[in-house]
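# 3D, please:
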Amino acid sequence: MSVNNKQWLGLPLNLIWGYIAIAVFMTGDGFELAFLSHYIKELGFTPAQASFAFTLYGLAAALAAWISGVVAEIITPQKTMMIGFVMWCIFHVLFLVFGLGDANYPLILLFYGIRGLAYPLFLYAFIVAIVHNVPSDRASSALGWFWAVYSIGIGVLGSYIPSFTIPQIGELGTLWLALVFCVIGGIISMVALRNTETPRHMRNLTTREKFGELSRAVTLLYTNRSILLSSMVRIINTLSLFGFAVIMPLMFVDELGFTTPEWLQVWAVFFFTTIFSNVFWGIVAEKMGWMKVVRWFGCVGMALSSLAFYYIPQHFGHNFAMALIPAVALGIFVAAFVPMAAVFPALEPKHKGAAISVYNLSAGMSNFLAPAIAVVLLPYFSTIGVVVAYTALYVLAFFLCPLIRVEQPGIGRQTSGEGETAGISS
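Next up is the predicted model:
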């Protein structure tokens, strides 16, 4: 399959409208991220119940993420994105009307959980389009742009816009506004990507062969040791991102006296920083090496900045300027894990869809485990216990990185572990 080499600072120009669609769609999807847990609590439910809703959502997202890569290769990324778009809209409306609207906790769990299946199909299917339309030696920077527009949507616009709309139309009105952005993003993707080059090698597979390829997204975890280790590192990658979105509104608003708009603006600064750091680390990793960037800047940086996100606000109290310091640090270092998206398909070049599915599953599991850790630890150790747990896992990832053996285009094998062969299997 041919690929288009026209790029601007690593951005594939033939996919630019796809990137825009991701930014717009994830803006709508991100509206709820930094205030929904607090809003559910205001409806009369406990912090543990609010966290459990996010845990269930994350589990559904993990399941959808697991199949998204292979499904995108079998039925094309465009069709997979369309399915995710339509599902999101339908179950978002049901969630607002019958779940939040009636303060019905079982329906909140049901419709929010099912809606969790939708966004990974839309989001992660686009990674397959990138991998099949960009040369492998440029994949890191192209994926850096992917995560940059993701941050623009789910983090910057998704946090800033609610900080202005909540005082005007309230939390529920803001969630209805989210639907508008997701509809626009979905339509852009359907129109702009219809003629994009797509993988064709699986279209003629039998049903049994398709299910076999789908199962490979699981079997790779025990047939390829480097894939398993990479999966663990990717799960750890965004624990603070998803976990802090759940626990920090409770600390900032209820304990430290920040208003909800102030907290949303702090969270937006974190995501605003990732716009630039995603692109920066994607480009740097192509020069320095994928795993070096992940280990020394991702793992170490996130361990330190996660602690800072708790201790600096605790020390300075209701001080907006000081709260921005750890938000910026977190935004810089969480993006240093961007090269992991290029590592997975490089480890399984003959089964890129399955490898991407494992990557997506890992991302989804992070979405699930981050609030799950909070649910378990919050009642016993408060916020600091959750933060320390996340920090310890980043330290664990630091020691896992040298065990991953991957050949990077232009650099060659990046490893530790003498005598091992590269983690590439057919």
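# Remind me what the longest helix seen in the chain packs against, helices and strands.
The residue-count maximum for a helix in the chain (DSSP state H) belongs to helix 352-400. Packing contacts for helix 352-400, counted by 3 or more Cβ pairs under 8 Å, 6 or more residues apart in numbering; DSSP states H and E, involve helix 47-75, helix 118-131, helix 207-223, helix 225-237, helix 239-249, helix 300-316, helix 340-347. Where C-beta positions appear, they are placed from N, C-alpha and C, glycine not excepted.
# and it with helix 225-237, angle?
Angle, helix 352-400 to helix 225-237, by axes from the mean of the first three to the mean of the last three Cα atoms, to 10 degrees: 70 degrees.
# Now the element after helix 352-400, going C-ward?
Later in the chain than helix 352-400, the nearest helix or strand by DSSP states H and E is strand 406-408.
# Identify each buried residue in that following strand, please.
By neighbour count with 16 or more other Cβ atoms under 10 Å, strand 406-408 contains the buried residues V406, Q408.
# counting contacts, what elements does that strand pack onto?
Against strand 406-408 (3+ Cβ pairs under 8 Å, 6+ apart) you get helix 290-293, helix 340-347, strand 412-414.
# got these as TSV, with mean neighbour count, mean pLDDT and distance to I312 columns?
Below are these laid out as TSV (neighbours: other Cβ atoms under 10 Å; pLDDT from 0 to 100; distance: least, Cβ to Cβ, whole Å):
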stretch	mean neighbour count	mean pLDDT	distance to I312
helix 290-293	24	92	25
helix 340-347	26	91	28
strand 412-414	15	55	34
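# sorry, back to before: with distance to I152 as added columns, please give the helices and strands packed on helix 352-400 in JSON lines.
JSON lines is the format used below for the helices and strands packed on helix 352-400 (distance: least, Cβ to Cβ, whole Å):
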{"stretch": "helix 47-75", "distance to I152": "20"}
{"stretch": "helix 118-131", "distance to I152": "13"}
{"stretch": "helix 207-223", "distance to I152": "29"}
{"stretch": "helix 225-237", "distance to I152": "19"}
{"stretch": "helix 239-249", "distance to I152": "15"}
{"stretch": "helix 300-316", "distance to I152": "21"}
{"stretch": "helix 340-347", "distance to I152": "17"}
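# Out of those helices, which gets the lowest mean score?
Lowest mean pLDDT within the helices and strands packed on helix 352-400: helix 207-223, at a mean of 75.
# Run through the stretch 1-150 of the chain and note the low-pLDDT ranges.
For the stretch 1-150 of the chain, the stretches with pLDDT under 70 are 1-5, 34.
# do that again at 80, thanks
Scanning the stretch 1-150 of the chain for pLDDT under 80 picks out 1-10, 33-34, 47-48, 51, 135-140.
# thinking again about what came up before, could I get the average pLDDT for the longest helix of the chain?
90.
# Report the inter-axis angle for that helix versus helix 239-249.
Relative orientation of helix 352-400 and helix 239-249, computed by the same axes, to 10 degrees: 80 degrees.
# Now do I152 against K350, distance only.
In this view, I152 and K350 are 34 Å apart by Cβ to Cβ, to the nearest Å.
# which residue is nearest the middle of this structure?
Centroid check for the chain by Cα atoms, centre = their mean gives A363 as the closest residue, at 5.8 Å.
# Tell me who's in contact with that one.
Contact partners of A363, counting by Cβ atoms under 8 Å, 6 or more residues apart in numbering, are A65, P120, Y124, R234, I235, N237, T238.
# do you know which of the helices and strands packed on helix 352-400 lies nearest Q7?
Across the helices and strands packed on helix 352-400, Q7 has its closest neighbour in helix 118-131 (11.6 Å, Cβ to Cβ).
# Could you list every helix and strand that the closest one packs against?
On a contact count with 3+ Cβ pairs under 8 Å, 6+ apart, helix 118-131 meets helix 16-30, helix 47-75, helix 77-94, helix 139-150, helix 158-192, helix 352-400.
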